[in-house]
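Enquirer: Quick one, fold the following:
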Amino acid sequence: MWFEILPSAAIVLAGLALPHVSGYVMNKLVLGNMYRRSLATQDLRMQYLRDIRLTGDPYVTNGLENIPDS
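Expert: Purely as a prediction, here's the structure:
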């Protein structure tokens, strides 16, 4: 019957979801948060370095109040 494919489908879906879930877990263990910023382009890398320079933590949302007045 049609329901005989459900165990196979569950195994395939679990295998496809495993890398994504393990990425979140590894980032939490290594970096201390559940996500990692993309550093694919030069512009994104410059924004990452800017956030480190302004706050010391690149994962904190930065606004205009974090830029020094001088």
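
Enquirer: if we look at the helix or strand harbouring Y48, which residues are touching it?
Expert: Assigned by DSSP states H and E, Y48 belongs to helix 42-55. Contacting residues not belonging to helix 42-55 are listed as 37-39, 57-58, 60, 62, 66-67 [Cβ atoms under 8 Å, 6 or more residues apart in numbering]. Heads up, the C-betas are built off the backbone N, CA and C, glycines and all.

Enquirer: same thing but at 7 Å, please
Expert: With Cβ atoms under 7 Å, 6 or more residues apart in numbering as the test, helix 42-55 has contacts from 37-39, 58, 62, 66-67.

Enquirer: Report the distance from it to the chain centre.
Expert: Centroid displacement of helix 42-55 relative to its chain, using Cα atoms, centre = their mean, to the nearest Å, is 16 Å.

Enquirer: what pLDDT, on average, does it get?
Expert: Averaging pLDDT along helix 42-55 gives 86.

Enquirer: Whichever of the contacts of helix 42-55 end up buried, select them in PyMOL.
Expert: Selection of buried members from those for PyMOL, criterion 16 or more other Cβ atoms under 10 Å:
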select buried, resi 58
